[in-house]
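1. turn this into a model:
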Amino acid sequence: MSAAGSEDIRLYRWLYLTVRSGITCSLCLICLGFILSAITKAEFTDTVIPVNQFFHRLLELDPLAIITLGILVLVLTPLSSVVLAVVNFLMEKDRLYLGISVAIVCILVLSLGLALVS
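-> Now for the predicted structure:
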């Protein structure tokens, strides 16, 4: 097998592990939040947790904050995959795919930033 082929397989394995672990972690957090809400009989009165209260409510083990963290992990999983691809293309010195990947990262970060602001 050529060196380029083995590098591609290594990238695919890392991407697979990144996506799989992100989805698994997200699912565990969301399930934990629902289990905590069933145990504590918590009612979800807030539709959205304000950003300035998120970490405080997370430390209090608020079920809605834990579910929100699970959703945030799920949203950030594709971003981490693209960042991993950027690092790989940077190491391979593949300028075309590096540029495309950086553009995708910029679009994703801009979209997330705009979603948090509004």
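2. show me how far the longest helix along the chain is from its chain's centre.
-> Ordering each helix of the chain by length in residues (DSSP state H) puts helix 3-40 first. Relative to its parent chain, helix 3-40 has a centroid offset of 9 Å by CA atoms, centre = their mean, to the nearest Å.
3. tell me what whichever helix or strand comes after that helix is packed against?
-> Next in sequence after helix 3-40, counting helices and strands by DSSP states H and E, comes helix 51-59. Counting by 3 or more CB pairs under 8 Å, 6 or more residues apart in numbering; DSSP states H and E, the packing neighbours recorded for helix 51-59 are helix 63-92. Glycine gets a C-beta too; all of them are placed from N, C-alpha and C.
4. show me how far stretch 103-114 is from its chain's centre.
-> Distance, stretch centre to chain centre, for stretch 103-114: 13 Å (CA atoms, centre = their mean).
5. what sits closest to the most centrally placed residue in the chain if chain neighbours are left out?
-> For the chain, residue 76 is the residue whose C-alpha lies nearest the centre (CA atoms, centre = their mean; 2.0 Å). Closest residue to residue 76 apart from its sequence neighbours, by CB to CB, 6 or more residues apart in numbering: residue 22 at 7.3 Å.
6. number of residues surrounding the one you found?
-> Residue 22: 19 surrounding residues under other CB atoms under 10 Å.
7. looking at it, it is touching residue 77, isn't it?
-> Yes. Using CB atoms under 8 Å, residue 22 makes contact with residue 77 at a distance of 3.1 Å.
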